[in-house]
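Asker: The sequence and its predicted three-dimensional model are supplied below.
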Amino acid sequence: MDPIADMFTTIRNALSVDHKTVRIPFSKFKYEIAKILEREGFLEKVERKGKKVKKMIEITLKYKGKIPAILGLRKVSKQGQQIYSGFRNLTPVKSGYGLAIVSTSKGLMTDKEAKKKKIGGELICEIW
């Protein structure tokens, strides 16, 4: 299975049943994605827990009253088909209300940061 898709599914499922926190297996890539979502205001807090083999990422989900901060989360590049985009072709997600995470040669960043730095890359996901 695709570990990034599993992470997104876990977050979506937790939001649908109003959970406060989610724990997912640790990887640097998933941790970086979660940190970007925290920085952009979609997640409350992201922490590394455990040591060695039992490392986990604990994500505290963010709600505005009863409404989750994340309304939609979609993986763009799949394992069998990676989607690449130049910085000129990065279009706003949901008319600018969402964001896309792009894997570039300079690391993971949002679509707005990639446009500003004039770097294209692989579209990982869209979130709104």
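Answerer: Ah, there it is.

Asker: Domain ranges for the protein, per the record?
Answerer: Using automatic domain parsing, the domain ranges for the chain come out as 3-68, 73-127.

Asker: quick one: terminal-to-terminal distance for the longest one?
Answerer: Distance across domain 3-68, first residue to last, is 23 Å (Cα to Cα, to the nearest Å).

Asker: So what's the gap between stretch 80-98 and the chain middle?
Answerer: 14 Å (Cα atoms, centre = their mean, to the nearest Å).

Asker: now the domains of the chain as a markdown table including mean neighbour count and mean pLDDT?
Answerer: Just so you know, the C-beta spots here come from the backbone N, C-alpha and C atoms, and that holds for glycine as well. What follows is the domains of the chain, written out as a markdown table (neighbours: other Cβ atoms under 10 Å; pLDDT from 0 to 100):
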| stretch | mean neighbour count | mean pLDDT |
| --- | --- | --- |
| domain 3-68 | 15 | 94 |
| domain 73-127 | 16 | 93 |
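
Asker: Please name the nearest non-neighbouring residue to the residue minimising distance to the centre of the chain.
Answerer: By Cα atoms, centre = their mean, the chain has its centre lying nearest to residue 33, at 4.4 Å. Ranked by Cβ to Cβ, 6 or more residues apart in numbering and with sequence neighbours excluded, the top spatial neighbour of residue 33 is residue 101, at 6.0 Å.

Asker: likewise residue 110?
Answerer: Using Cβ to Cβ, 6+ apart and skipping the chain neighbours, the partner closest in space to residue 110 is residue 99 (4.9 Å).
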